[in-house]
Each structure stands twice: as C-alpha cells, then as structure tokens.
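>>> Whatever this is, show me its structure:
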Amino acid sequence: MNALICLKDIAVGERALICELKNPPALRRRLRDMGMIEGTTLECIGKSPSGDPSSYLVRGTVIAIRAIDAAEITAMRTPNKEPTPWD
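Numbers count the residues shown, from 1 in each chain. Here you go, the predicted structure:
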C-alpha cells in the first residue's frame, strides 16, 4: 500500500491522489474552489529554480502552490500511467 506523503515531496512528472487538506480553513476553501478536492489526481508539472513554489496540473488547470502550503496537503503517489479525465 502507498504511504501518505506531503504534496511538496512529489517530484516533477509524478502524479498523486489528494487525500486530505490540512490547511487553515480560508486557504482550504480556496484550494477546493480551484479543484484540489480529496480523491482528485494531480500531477506536479514544474518547480521554480529555488524549489518554491511548485506547479500542479489539477482537473485541467495549472495551480502554483507554495511549499509551506503544500506541506499541509497529504497525498499518495499514483502510477504515472493512470488515465485522468484531461488526458
């Protein structure tokens, strides 16, 4: 079984399943409004040269998230071959 990890630990090109958002309520609501809902698959598509922020492809939209905020999102790595609705 896959272990839970922080979203900030996902490498570029890897996919993960969002398990839980532990961010403060206002940020959690904003992330959910942008499509980061528990049970959704996302892909890390890039990191800035300094490593912060990182960009993620979520439901066909690219979202940049700071490492401090991504550290409060738990996820499970998924196979990169897994089909997603936007593929």
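>>> so how many other residues sit close to Ile68?
Applying other C-beta atoms under 10 Å, we find 11 other residues in the vicinity of Ile68. C-beta: built from backbone N, CA, C; applies to glycine.
>>> From Ala75, how far out is the closest residue to Ile10 other than its chain neighbours?
Nearest non-adjacent residue to Ile10, counting by C-beta to C-beta, 6 or more residues apart in numbering: Cys44, 4.5 Å away. With distances defined as C-beta to C-beta, to the nearest Å, the gap from Cys44 to Ala75 amounts to 10 Å.
>>> now swap in Leu17 and tell me
Distance check for Leu17 against Ala75: by C-beta to C-beta, it reads 6 Å.
>>> out of these two, which sits in the busier spot?
Neighbour comparison, Leu17 and Ala75: the larger count goes to Ala75, with 25 against 16 (by other C-beta under 10 Å).
>>> can you list contacts of stretch 68-84?
When contacts are defined by C-beta atoms under 8 Å, 6 or more residues apart in numbering, stretch 68-84 is touched by residues 2-8, 10, 13-23, 27, 31, 36, 41-43, 53-54, 65.
>>> Next step: those restricted to helices.
The members of the contacts of stretch 68-84 that map onto helices under DSSP state H are 27, 31.
>>> Among the contacts of stretch 68-84, name the buried ones.
Among the contacts of stretch 68-84, those scoring as buried are 7-8, 10, 14-19, 21, 23, 31, 36, 41-43, 53-54, 65 (criterion: 16 or more other C-beta atoms under 10 Å).
>>> Among these, which lie within strands?
Within these, residues falling in strands by DSSP state E are 15-19, 21, 41-43, 54, 65.
>>> These into a markdown table, with extra columns for pLDDT and distance to Ala71?
A markdown table is the format used below for those (pLDDT from 0 to 100; distance: C-beta to C-beta, whole Å):
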| residue | pLDDT | distance to Ala71 |
| --- | --- | --- |
| Arg15 | 94 | 19 |
| Ala16 | 93 | 14 |
| Leu17 | 94 | 17 |
| Ile18 | 94 | 14 |
| Cys19 | 93 | 14 |
| Leu21 | 94 | 12 |
| Thr41 | 93 | 20 |
| Leu42 | 93 | 15 |
| Glu43 | 94 | 18 |
| Ser54 | 94 | 11 |
| Ile65 | 94 | 10 |
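>>> Lovely, talk soon.
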